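> after the sequence you'll find the predicted model.
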Amino acid sequence: MRSELMLLAATPLNRLIPAERRTVRNLASSLCVAMGILHEERNLVAILGLGGERSNQEAMESWVYCELVKENLDAGRDSLPTLINRLQDLEHEWRTY
């Protein structure tokens, strides 16, 4: 099984075409709104991101991209319920850990 970092290294987020990057950004933004996550704060960088992100929004973008690649999901609105469920599962794991 490949690690998430290896998946990200295969096609770095900044190498996506603008439309793909915009889709990832929109999905991340929608997830932040759905989960009540403040975009500007940094508390999720260490949890969801790779560590170099400057905000929760950027960390969520890294996480969304990684999940899309890892789960072989289409980058679009149809993947939002799956991403929300995955994020809720992670939140539950963090709270019980």
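Perfect, I can see it now. Numbering: from 1, shown residues only.
> every contact and neighbour count from this point should use C-alpha atoms.
Will do.
> and the next helix or strand past the lowest-mean-pLDDT helix or strand in the chain?
The weakest-scoring helix or strand in the chain, judged by mean pLDDT, DSSP states H and E, is helix 4-10 (a mean of 51). Note on helix 4-10: by DSSP states H and E, the next helix or strand toward the C-terminus is helix 18-35.
> where's the helix or strand that that following helix is followed by relative to the chain centroid, distance-wise?
Using DSSP H and E, the next helix or strand after helix 18-35 towards the C-terminus is helix 45-48. Centroid separation for helix 45-48 versus its chain: 10 Å, with Cα atoms, centre = their mean, to the nearest Å.
> again, but for stretch 58-75
With Cα atoms, centre = their mean, you get 5 Å for stretch 58-75.
> buried ones in that stretch?
For stretch 58-75, burial by neighbour count (16 or more other Cα atoms under 10 Å) applies to 58-69, 75.
> repeat for stretch 32-45
32, 37, 39, 42, 44-45.
> which one of those is nearest Arg15?
Val45 (20.6 Å; Cα to Cα).
> contacts only, for that closest one.
51-56, 58-59 (Cα atoms under 8 Å, 6 or more residues apart in numbering).
> quick check, pLDDT for the closest residue to Gly76 other than its chain neighbours.
Leaving aside its sequence neighbours, Gly76 sits nearest to Thr23 (Cα to Cα, 6 or more residues apart in numbering; 6.5 Å). Looking at Thr23, its pLDDT is 93.
> over to the one 4 residues further on?
Per-residue confidence (pLDDT) for Leu27: 95.
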